[in-house]
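S.K.: Got a predicted structure plus its sequence, pasted below:
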Amino acid sequence: MRVTKQRAEEAERYVQSRLDAERSAFEEPLRTRPGADQVLVELDGCAICTGTLEPSPGSERTPVRSLPCHHRVDEWREVRVGLTRRLEEDRPTYVAAMASYPEVVWSLFSAAASHGLSTRTETIAVADGGNGLKEELEVQFPNLTFLLDRPHLQKHLHETAEAMGLDEEGRGDWVRRHIKR
């Protein structure tokens, strides 16, 4: 486990240095690096179960190495995963972290710079409606167009149709018509 942790920390430092280098490209003047016309960014999150080992009460030891026994403490944490690519590309760059929106969006911005993000680039962001996500994307990305992802859009449309008093069949037709548009 110690070796795994050490390798993970090395990998994290490597990724961070690459993202820092990519981000510096964004600062280059438009005359030397005009960048892409459009860049797509997507971001979503989910809860994952993580665990830490804590010393067990008492003086019990492991049978093979006679190390102090530990027990696992589980914790559910939010992990956020994003991708970025030029609109016409099909090979995205991914970022992921158990971090706040500002930190994850910073990494996503740096990754987008590697795909040509510049001050003139139109950024198209597709994401859920997480509290503060749209606002953080707007802070960090110039020329942003935000689109609610399809599953969350459908959910909102179903809620709207229900609030309008449409029956079940009418709701489905109304939602399909709006999704098609």
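M.R.: Structure received.
S.K.: so A125 sits in a strand?
M.R.: Yes. With DSSP: H, G, I helix; E, B strand; the rest coil as the criterion, A125 is part of a strand.
S.K.: L147 is in contact with that one, correct?
M.R.: Yes. Between A125 and L147 there is a contact at 6.8 Å, judged by CB atoms under 8 Å. Using the backbone N, CA and C atoms, a C-beta is placed for each residue, glycine as well.
S.K.: With neighbour numbers in mind, choose between those two.
M.R.: A125 (24 against 13; other CB atoms under 10 Å).
S.K.: Not counting the lengthiest helix in the chain itself, show me its contacts.
M.R.: For the chain, the helix that runs over the most residues, judged by DSSP state H, is helix 2-26. If you take CB atoms under 8 Å, 6 or more residues apart in numbering as the criterion, helix 2-26 is touched by R33, V95, S107, F109, S110, A111, A113, S114, L117, S118, T119.
S.K.: Can you flag the buried ones in those?
M.R.: Neighbour counting with 16 or more other CB atoms under 10 Å marks V95, S107, F109, S110, A111, A113, S114, L117, S118 as buried within the contacts of helix 2-26.
S.K.: In helices only, show me these.
M.R.: Applying DSSP H to the buried ones among the contacts of helix 2-26, the entries found in helices are S107, F109, S110, A111, A113.
S.K.: For the closest residue to the second one other than its chain neighbours, give its distance to D149.
M.R.: Sequence neighbours aside, Q140 is the residue nearest to F109 in space, at 5.0 Å (criterion: CB to CB, 6 or more residues apart in numbering). Distance check for Q140 against D149: by CB to CB, to the nearest Å, it reads 19 Å.
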